[in-house]
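Undergrad: Sequence plus predicted model, see below.
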Amino acid sequence: MWEVKNISTERRTLNFESSGQGVHVGTSIYANNELLFNQAESIQDHGEGENVFQSIICDHCGFSNCEPGNWIALRKIGDAHLIIPVFDWIIEEEDSLKNEYLPPKYISSQGAGIIDSSTFDKLKELITPFKEIHEVKELTGKELATLYKYETPTRLFGDLPKIGQIKKDQIIGCSEGEVSLYLKLIDEKIYQIEKCSTVQLVKMDDNYRFVSFFLDDLGSTEWKAATIDSEGNIELLIDNWRVISN
């Protein structure tokens with residue numbers, strides 16, 4: 001997961017002559033010099049109240065949903081917003097259409113983007129459909145549990161369009177002791193999050209230590225899967241954000 005900051009724009013000349021529309025001028029939006037939206041003027045909210053958008057739109061016609069991929073869902077969690085893969089659409093679609101709604105590269109490579117309130121206000125000024133949303137859809141427990149699985153190193157639960165059970169054979173050690181015991185605790189927390197109606201993301205602090213698993217790869221990659229407090233209570237962890245269920 002990464003923080004969406006430092007919003008900037010660039011005016012671009014778009015040649016739509018191949019689709020009979022001539023030449024247009026559009027606005028690209030960047031965060032941390034990463035291209036978020038290539039044609040702000042062409043962004044559409046798809047679905048009724050779903051807050052689903054195609055972020056990178058066909059450069060040949062400017063029509064959303066012309067080319068596959070680059071889809072995001074906008075969600076609210078606490079005082080922040082998230083841009084995440086459109087998990088429900090991808091998972092629920094029939095096999096032949098699952099790849100239509102895969103996320104853009106900036107999500108598949110860096111994870112979900114978390115947006116603070118001031119940055120979201122800037123995006124609303126630039127993206128009319130964002131501004132027109134009366135109330136952004138709250139992140140569900142099911143979405144957060146799926147995001148947790150998606151954000152693991154080496155895609156331990158599989159990659160989109162199919163996320164499933166953890167690949168236990170890729171884990172060779174745990175910082176807290178027995179691997180199977182702590183994987184069971186992680187699995188129980190995931191199930192708990194899935195069933196929650198209200199969830200939070202809270203920034204990690206020094207009052208907790210990590211529950212880490214070590215992977216069977218060349219670098220023995222460390223997966224910081226959860227936090228544990230002095231009383232042994234566990235909460236799931238996505239990068240430096242603790243997953244809290246209410």
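TA: Now that the structure is in, tell me what you want to look at.
Undergrad: Is residue 11 in a helix, a strand, or coil?
TA: strand (DSSP: H, G, I helix; E, B strand; the rest coil).
Undergrad: who's in contact with it?
TA: 25-28 (Cβ atoms under 8 Å, 6 or more residues apart in numbering). Every residue, glycine included, has its C-beta placed from N, CA and C.
Undergrad: who wins for neighbours among those residues?
TA: With neighbours set by other Cβ atoms under 10 Å, the maximum within the contacts of residue 11 is found at residue 26, which has 19 neighbours.
Undergrad: Find the nearest non-adjacent residue to it, please.
TA: Nearest non-adjacent residue to residue 26, counting by Cβ to Cβ, 6 or more residues apart in numbering: residue 39, 4.5 Å away.
Undergrad: One more: residue 85?
TA: Spatially, and ignoring its direct neighbours in sequence, residue 85 is nearest to residue 103 (4.1 Å; Cβ to Cβ, 6+ apart).
Undergrad: helix, strand or coil for the one you found?
TA: coil.
Undergrad: What count of nearby residues applies to the residue nearest to residue 26?
TA: Number of residues near residue 39 (other Cβ under 10 Å) recorded here: 22.
Undergrad: With residue 75 instead?
TA: Count around residue 75 with other Cβ under 10 Å applied: 20.
Undergrad: ok so, going back, does the residue nearest to residue 85 really touch residue 72, like I thought?
TA: Yes. Using Cβ atoms under 8 Å, residue 103 is in contact with residue 72, at 6.2 Å.
Undergrad: any common contacting residues for those two?
TA: Common neighbours of residue 103 and residue 72 (Cβ under 8 Å, 6+ apart) are 84-86.
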